[in-house]
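*Asks:* Requesting a structural model of the entry that follows:
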Amino acid sequence: LLYEIIFSYSTLSLVTSLSYSSICCLTSLIFAVVSLILALKYIFPQIRASTIAAQSTDVNLVKISATYLFLRRLEVLLEDILTILSFLTLFFSSNILKSYAKENIRNVVIAGHGSRGKTTLAEAMLYIAGASDRLGKVTDGNTVLDFDAEEKKRKVSVSSAVANLEWRNRKINIIDTPGLFDFEGARSEGIRAAETAVIVLSCGHNVDVGAEKTLRIAGRKGLSKFIAVSKCDGENRDFYKTLGDLKDKYGTAICPVVVPYMVDGVVDCYVNFLQNKAFKYDNGKATEVAIPQDAAIEEMHAAFTEAVATADDELMMKFFDGEEFTHDEIVFGLSQGVADGTVVPVYGCSGLTTDAVDLLLNGITKLAPAPKGEADLECDENGPLAAICFKTVSDPFVGRMSFFKVVSGKITPATKAYNARTEEEEKMG
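*Replies:* All right, here's what the predicted structure looks like:
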């Protein structure tokens, strides 16, 4: 029972919107209370046995009988408390989870070449969304997603990790994958479970082999694609070099949405063409500023407008007529293009300082598609059960754990499902 209570509460940090510190405090409290109760349940029977033995020699039998009766009632009370705690554990585990309609869920895999800032970007997302109370750093070995001892030692991801956050009433499930080619299987796990791929590049670098492979696989699997050009906070970083290489390889599909405006080799502000606003960041806090009058910014805006127009015939006619798009038309055009793969939005940001990461999250909630069905099966919670097991791990304390993406129906501990691989029926809980 102690194990069940501790595990149930400790795992809530991954499946609820509760903060990291709240989960730690709650887990510590439950651990302390249950440990005390179990200790008392061990001690009191010893005292009771001694009391019974003393009854045969002690002359004050009335007093001893009263002591025995008190201890017996206290033991029964402790058993009742344990039963209540067990009930509360099951209650919280099943009811504290916030429910989301499928239209408000985004499944996102973060992938790309090794050491390009994927885990750092994911940590920034969790931090600014309030899913984590501290901004973990790979170099310090205190990230939420690189929790394995080997990952902390090597300072790189070696397996896929799952976390989630809430942003603007949308639930974003993040699957952080390793970039090293030795662990390509983990990247395949994430791509299988997601509808959107965020490919991370390092500002000032050309498109890496790992990013090219991820873009190709994501396109073949029908995933929507975003590109996050991270590490823009470094000195003398050339965002336009990276963007130019993207355009050379992928043409007009590349759509710059958030671009950094550089002054003397340092980012002065980020221009968001989706909102037609510019933001300056100080310790992760955004302040709106005027859009810089710069030839490079105007060129990027022209490329942005052209990419929006290519997603719809009516928008293309309006583009040729020289008319400005409304915000709703921009969102519609980008959403259409992202969904069918003809538009790949590019977001400049910095995972280490969290600058402009909020703009990337805004883009994911607005433009990324919601979960969809598989083959001829619709994504319907009231439909027949169909789920994809995209990852299985063996933990020395928990045992074997399998991660599922539920396409249709619902899974509960009592659910029985047919395993197509083993051709047998299995109980999920």
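
*Asks:* leaving aside the residues next to it on the chain, what's closest to Y127?
*Replies:* L135 (4.5 Å; CB to CB, 6 or more residues apart in numbering). For every residue, glycine as well, the C-beta is placed using N, CA and C.

*Asks:* Check what pLDDT the one you found gets.
*Replies:* You'll see L135 listed with a pLDDT of 91.

*Asks:* Report whether the expected contact of it with G351 is present.
*Replies:* No - using CB atoms under 8 Å as the test, L135 is too far from G351 to be in contact (9.3 Å).

*Asks:* May I have the secondary structure class of the residue nearest to Y127?
*Replies:* Of the three states, L135 takes coil according to DSSP: H, G, I helix; E, B strand; the rest coil.

*Asks:* do you know how far it is from A122?
*Replies:* 11 Å (CB to CB, to the nearest Å).

*Asks:* what about these two, which has more around it?
*Replies:* Per other CB atoms under 10 Å, whichever of L135 and A122 has more neighbours is A122, with 29 against 19.

*Asks:* Poorly predicted segments of this structure, please.
*Replies:* 1-76, 78-97, 429 (pLDDT under 70).

*Asks:* the strands in it, which residues?
*Replies:* For the chain, the strands defined by DSSP state E cover 105-112, 161-167, 170-176, 196-202, 224-230, 254-263, 266-272, 277-282, 285-289, 344-348, 386-395, 399-408, 416-419, 424-427.

*Asks:* and L126, which of those is closest to it?
*Replies:* Of all the strands of the chain, strand 161-167 sits nearest to L126, with 5.6 Å by CB to CB.

*Asks:* Pull the contacting residues for the closest residue in space to V162 that isn't next to it in sequence.
*Replies:* Closest residue to V162 apart from its sequence neighbours, by CB to CB, 6+ apart: I175 at 5.5 Å. Each residue near I175 by CB atoms under 8 Å, 6 or more residues apart in numbering is listed here: 107-110, 160-162, 189-190, 193-194.

*Asks:* now the helices for the stretch 101-250 of the chain?
*Replies:* Per DSSP state H, counting those that start in this stretch, the stretch 101-250 of the chain carries helices over the ranges 118-128, 149-154, 184-193, 209-221, 239-250.

*Asks:* re the thing from before, CSV for the strands of the chain, including distance to S99?
*Replies:* As requested, the strands of the chain are exported to CSV (distance: least, CB to CB, whole Å):
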stretch, distance to S99
strand 105-112, 10
strand 161-167, 12
strand 170-176, 10
strand 196-202, 21
strand 224-230, 24
strand 254-263, 31
strand 266-272, 31
strand 277-282, 33
strand 285-289, 31
strand 344-348, 29
strand 386-395, 18
strand 399-408, 13
strand 416-419, 21
strand 424-427, 24
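
*Asks:* how about these, which one is nearest G337?
*Replies:* Nearest of the strands of the chain (CB to CB): strand 254-263, 7.4 Å.

*Asks:* got the buried residues for that closest one?
*Replies:* Neighbour counts over strand 254-263 (16 or more other CB atoms under 10 Å) mark 254-262 as buried.

*Asks:* and that strand, what does it pack onto?
*Replies:* helix 239-250, strand 266-272, helix 295-309, helix 327-340, strand 344-348, helix 357-367 (3 or more CB pairs under 8 Å, 6 or more residues apart in numbering; DSSP states H and E).

*Asks:* Is it correct that K280 is in contact with C269?
*Replies:* Yes - between K280 and C269 there is a contact under CB under 8 Å: 4.3 Å.
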